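Colleague: One predicted model, sequence on top.
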Amino acid sequence: MSRKVGFFGAVFLLSSAAFGADESANWKPLFNGKNLNGWSTHYASKAGDNAPAAATFFRVEDGAIHIYPTQAAGSEQPNAFLLTNSEYQDYKLTLEYRWGEKKFAPRLNLVRDAGLLYHVHRVRDGDWPASIESQIQEGDVGDLWVVSARASSTINPASRRFTRLEDGGVPVTVGNEGKFERVRHGRVNEFPGWNTLEIIVKGDRAMHIVNGVPNMRVSDMKAWDAGSNSWVKLDKGRIALQAESAELFYRNIRIRPLAKNEGLDPEPKATEVWFPVPAKVTPGAAPGAPPSDAIILFDGKNLDAWKTTRGDGAAEWSVVNGELVVKPGTGDIQTREKFGDVQLHIEWTDPKLPPDKVNQDRGNSGVFLQDIYEVQVLDNFENPTYVNGMVGSIYKQFPPLVNATHPAETWNTYDIIFTAPRFNTDGTLASAARLTVLLNGVLVQNNAVLKGGTTYIGAPSYVAHGDMPVRLQDHGHLVRFRNIWLRKL
């Protein structure tokens, strides 16, 4: 059978001899950090007669390739891709990527998307080239896509996600000429900021590795041979980088040949991360004491870090015996500084009240993250109330997992981990706020995904905002606070 897959251009077959014996010396840049020499630019969707050159969607900045560098957020933009001039076979490729802020139609309401295409063997007018893809998409990095091609992997038959054969995975084959078909990755392993994607390609087999963790095995890659009207082995091709309606940065794109006996599974050392070294933080000398990087919001001496919510004046609450005491009728207080993601420590105690004070009228206050999202303070030691308004609740949204409160006139401690919501440039929600809360060392909220800001009446919802202050509530009760500090995350 003659092979007529239609590879184009020069074939660059990597060999160890071409690079020397030392693996560190074998790496060669696919992107030199200065320009796009060695690459060509192409549209992957239909472009009109007056469309700008595809090169306008790729710009080199500070050693990285900036995708959609000047296009206005929210505008409709075509798909495009960068394509190497040479073909490659039997190699390891690594790159780093980072998402930008801008999204474009027609994917404004979808997760950010891109991809690394390999074994590119045919360019298709106005579409992605025939190839194998390691997906780069929020929450889906490492997915296998076959683009007008065919390949096999192994999946858990229940979850339909990649699972190694030795762990119970069963074989599956996807793909057809002119079609896009997918196998989902095994696990989410994407971080904020820069991420590393590696592929190891050996003949018609490959491995996708996300931040050092293998996330997909690929085998039996095939291309459609129109001449013989059959599928043929696919073991080499060009490499492409996608631009697909989301701002993105690529950098440190390198390739090296596989050693003679090198397999697809990475060596254990491939998952060892040595840099950057985490900053040194000295813990507090006693439980609850602030660590060395904490911002002290109240140390028992003054209210310099706080102000009234009724203007820019000083907070009107009292400092008595090293404690911050609500002054009923003066209103809430809030920090002068604004914050995003934080770890917050705060200690509080409710006053002892007569037995006729019940439900929400018993030691009521609240801790508001970003001035909007409330963790309830209330005396619920022996005081029933609606459970999404009791101590430890995210008010009117989530009841606590358990009631771990102490009785009135006994100090309680909240340790709160808050992840602020993110918003798109058009004000729509990109990711919801999250709260983890420990009450007296007991988990009462476990990474709860908030439905919006706190409301007393009606359903919660989101309104776009940036960093905001921490707020403490005056609900008319003499609740006392002490030892308030936070860490920016």
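Modeller: Looks like it came in fine.
Colleague: Residue 166 should be in a helix, yeah?
Modeller: Yes. Assigned with DSSP: H, G, I helix; E, B strand; the rest coil, residue 166 falls within a helix.
Colleague: Could you list the low-pLDDT ranges of the chain?
Modeller: Applying pLDDT under 70 to the chain picks out residues 1-25, 48-49, 266-272.
Colleague: where along it do the helices fall?
Modeller: 23-26 (DSSP state H).
Colleague: how does it divide up, domain by domain?
Modeller: With domains defined by automatic domain parsing, the chain comprises 16-271, 295-488.
Colleague: Of those, which is nearest residue 285?
Modeller: Closest to residue 285 of those, according to CB to CB: domain 295-488, at 12.8 Å. No exception for glycine: its C-beta is placed from N, CA and C like everyone else's.
Colleague: what's across from the residue nearest to residue 410 when sequence neighbours are not counted in the sheet?
Modeller: Leaving out its chain neighbours, the residue that sits closest to residue 410 by CB to CB, 6 or more residues apart in numbering is residue 349, at 6.2 Å. With DSSP bridges applied, residue 349 shows beta-bridge pairing to residue 480.
Colleague: from memory residue 349 sits against residue 412, does it?
Modeller: Yes. Residue 349 is within contact range of residue 412, at 6.4 Å (criterion: CB atoms under 8 Å).
Colleague: Residue 251 is in contact with residue 64, correct?
Modeller: Yes. At 3.9 Å, residue 64 counts as touching residue 251 under the criterion of CB under 8 Å.
Colleague: Spit out the residues that contact these two alike.
Modeller: residue 33 (CB atoms under 8 Å, 6 or more residues apart in numbering).
Colleague: ok, now which ones touch residue 483?
Modeller: Contacts of residue 483 by CB under 8 Å, 6+ apart are 288, 289, 290, 298, 299, 300, 345, 346, 347.
Colleague: Show me what residue 219 is bridged to.
Modeller: Those that pair with residue 219 in a beta bridge, by DSSP bridges, are residue 152.
Colleague: what about it, how many neighbours?
Modeller: 17 (other CB atoms under 10 Å).
Colleague: my guess is it meets residue 202, correct?
Modeller: No. With contact defined as CB under 8 Å, residue 219 does not reach residue 202; the gap is 10.1 Å.
Colleague: Show me where the stretch 251-400 of the chain has its strands.
Modeller: 295-298, 306-308, 318-320, 323-325, 333-335, 342-349, 365-369, 373-377 (DSSP state E, counting those that start in this stretch).
Colleague: Need the winner for burial among those.
Modeller: Most buried of the strands of the stretch 251-400 of the chain by mean neighbour count (mean count of other CB atoms under 10 Å) is strand 373-377; its value is a mean of 26.
Colleague: Report the angle between that strand and strand 365-369.
Modeller: 150 degrees (axes from the mean of the first three to the mean of the last three CA atoms, to 10 degrees).
Colleague: for strand 373-377, packing partners?
Modeller: Applying 3 or more CB pairs under 8 Å, 6 or more residues apart in numbering; DSSP states H and E, we find strand 373-377 packed against strand 365-369, strand 412-419, strand 434-439.
Colleague: again, 7 Å this time
Modeller: strand 365-369, strand 434-439 (3 or more CB pairs under 7 Å, 6 or more residues apart in numbering; DSSP states H and E).
Colleague: Of these, give the one that comes closest to residue 358.
Modeller: strand 365-369 (16.5 Å).
Colleague: So in that sheet, which strands flank that closest one, and in what orientation?
Modeller: strand 373-377 (antiparallel), strand 471-472 (antiparallel).
Colleague: Of all those, which one comes closest to residue 109?
Modeller: Closest among the strands paired with strand 365-369, using CB to CB: strand 373-377, at 23.9 Å.
Colleague: between the closest one and strand 342-349, how big is the angle?
Modeller: Using the same axes, to 10 degrees: strand 373-377 against strand 342-349 is 20 degrees.
Colleague: got the contact list for strand 373-377?
Modeller: 348, 364-368, 389-395, 414, 416, 433, 435, 437, 450, 453-454, 479 (CB atoms under 7 Å, 6 or more residues apart in numbering).
Colleague: Tabulate the domains of the chain (TSV), appending distance to residue 281.
Modeller: Converted to TSV, the domains of the chain look like this (distance: least, CB to CB, whole Å):
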stretch	distance to residue 281
domain 16-271	19
domain 295-488	8
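Colleague: how about the ones you listed, which one is nearest residue 277?
Modeller: domain 16-271 (15.9 Å).
Colleague: so what's residue 152 up against?
Modeller: By CB under 7 Å, 6+ apart, the neighbours of residue 152 are 171, 172, 173, 219, 220.
Colleague: Tell me the one of these nearest residue 146?
Modeller: When those are compared against residue 146 (criterion: CB to CB), the nearest one is residue 173, at 9.4 Å.
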